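Chemist: need a structure here:
(one chain, ligands or ions: 1)
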Amino acid sequence: MVVILLGPPGVGKGTQAVLLAESMGWAHVSTGDLLRAARREGTQLGQEAQAYMDRGELVPDSLILAMVKEHLASLPQEQGVLLDGFPRTVPQAEALAQMLPEVDREVDRVVLFLAPDEVLVKRISGRRSCPNCGAVYNVYFNPPQMEGRCDRCGDVELAHRADDAEGTVRRRLEVYRELTEPLIRYYEGMETPMSRIDADRDVDLIQRELRSAFA
Ligand code: AP5
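Modeler: Got it, this is the predicted structure:
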């Protein structure tokens, strides 16, 4: 099972992916998380990706594809995969279509998350995440129990992502419309089953709807 989570920045892909992966026993493959981990570890990939991410631009396909290919090959064949933030361009989707048969997989479904821009901007401005475990919070909608501290890791101070600054968020939305939204047509053309999710609702409600799609 390979499921692609598609949607603009801040729509809740990561939040839903963590919950769904946990309940289904699937692997959550977030290219954003993989890149941020590479940055923290100071790898060459992390260093090369940094400037693109900080500007709200996409990291070049060649870097992303090598990273995803390696990661997919490391997963057990029988484990379902949730792709979060990948593919993000039509060339990435085409490369994925070539890559999956090599690991005996195919794309089973696309889940498209939709919410108005003003909701996305508010969610992103309130987002805080744990640099240690990656848990995501929101100062408006999902605050941690102790202000500024991760519920899971206790003493670890939550961080505001550098690319969540207002100007960068605007650029990320433009990039989404220009380069990622065409994937909707691409997967419609491939007749891949697609679930459209109204993501401007409560986290639990969305999660229930998602789980019922895979029951
Ligand atoms: P990435 O990390 O993938 O960022 P994104 O796609 O912009 O998505 P976000 O992480 O911003 O949002 P999300 O939809 O996951 O929302 P979340 O659940 O966190 O990519 C970052 C950068 O890496 C890119 O700009 C690019 O440079 C590079 N990159 C990554 N993949 C790439 C690729 N394939 N190719 C090239 N470059 C790539 O939720 C947001 C906030 O809202 C949180 O605070 C959350 O608590 C809150 N929230 C979530 N759901 C709800 C709800 N229902 N109600 C209220 N609040 C909610």
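Chemist: which residues of this structure fall in helices?
Modeler: 13-24, 31-41, 44-55, 61-73, 90-102, 117-126, 166-175, 182-189, 203-213 (DSSP state H).
Chemist: Need the per-residue pLDDT for the residue in the chain that the ligand sits nearest to.
Modeler: Closest approach of the chain to the ligand (C-beta to the nearest ligand atom) occurs at residue 32, with a separation of 1.9 Å. (Each C-beta comes from the backbone N, C-alpha and C, glycine too.) The confidence metric pLDDT takes the value 95 at residue 32.
Chemist: residues contacting it?
Modeler: 14, 84-85 (C-beta atoms under 8 Å, 6 or more residues apart in numbering).
Chemist: same check, this time on residue 196
Modeler: Residue 196 neighbours (C-beta under 8 Å, 6+ apart): 112, 114.
Chemist: Kindly reformat the contacts of residue 32 as TSV containing neighbour count.
Modeler: TSV is the format used below for those (neighbours: other C-beta atoms under 10 Å):
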residue	neighbour count
14	20
84	25
85	22
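Chemist: restrict those to those near the ligand?
Modeler: For the ligand, the contacts drawn from the contacts of residue 32 by C-beta under 6 Å from any ligand atom are 14, 85.
Chemist: Flag whichever of the contacts of residue 32 scores worst on pLDDT.
Modeler: Lowest pLDDT of the contacts of residue 32: residue 14, 93.
Chemist: hang on, isn't it packed against residue 83?
Modeler: No - using C-beta atoms under 8 Å, residue 14 is not in contact with residue 83, being 11.9 Å away.
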